[in-house]
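1. compute the structure for the input listed below.
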Amino acid sequence: MYGLASLAAAGSVVALVGRVLPSVVVVGTLVPMVGLVPGYRRFTRREEPLPAVATMVVVAATTTVAWGAVAAGLVG
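-> Numbers count the residues shown, from 1 in each chain. Sure thing, here's the model as predicted:
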């Protein structure tokens, strides 16, 4: 389930690039999602949520900064 949810999240972002999401937001979302790979490997062996939680926090921070840059007109 963890792997499918991760793929669905990344796939949704890729599907919306350009039409709904600016490219800077896509990059700010997808780059930190690389952290889900070790999270997947760990979480399926033992229920330790730290990698997944850390990835979620970084994704939230980077997308907030990216949307702030779009709102300020710094990027298109």
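
2. what's the weakest-modelled helix or strand in the protein?
-> When the helices and strands of the chain are scored by mean pLDDT, DSSP states H and E, helix 36-43 comes last with a mean of 73.

3. show which residues not belonging to the following helix or strand past that helix make contact with it.
-> Going down the chain from helix 36-43, the next helix or strand is helix 50-71, by DSSP states H and E. Helix 50-71 is contacted by residues 2, 22, 24-25, 27-29, 31-33, 35-36, 38-39, 42-43, 75-76 when judged by Cβ atoms under 8 Å, 6 or more residues apart in numbering. Quick note: C-beta positions are derived from backbone N, CA and C, even for glycine.

4. how confident was the prediction at the residue most central in space within the chain?
-> Centroid-nearest residue in the chain, with Cα atoms, centre = their mean: residue 29, separated by 3.5 Å. On the pLDDT scale, residue 29 is placed at 90.

5. how close does it get to residue 49?
-> 20 Å (Cβ to Cβ, to the nearest Å).

6. before we move on, what about residue 12?
-> For residue 12, the distance to residue 49 - Cβ to Cβ - is 22 Å.

7. then residue 23?
-> Applying Cβ to Cβ to residue 23 and residue 49 gives a distance of 30 Å.

8. drop anything exposed from the contacts of helix 50-71.
-> Using 16 or more other Cβ atoms under 10 Å as the burial test, the contacts of helix 50-71 include 22, 24-25, 27-29, 32-33, 35-36, 39, 43 as buried.

9. could I get those residues as CSV with distance to residue 58?
-> Output for these, formatted as CSV (distance: Cβ to Cβ, whole Å):
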residue, distance to residue 58
22, 19
24, 16
25, 14
27, 13
28, 10
29, 10
32, 4
33, 9
35, 7
36, 11
39, 11
43, 17
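
10. thank you, goodbye.
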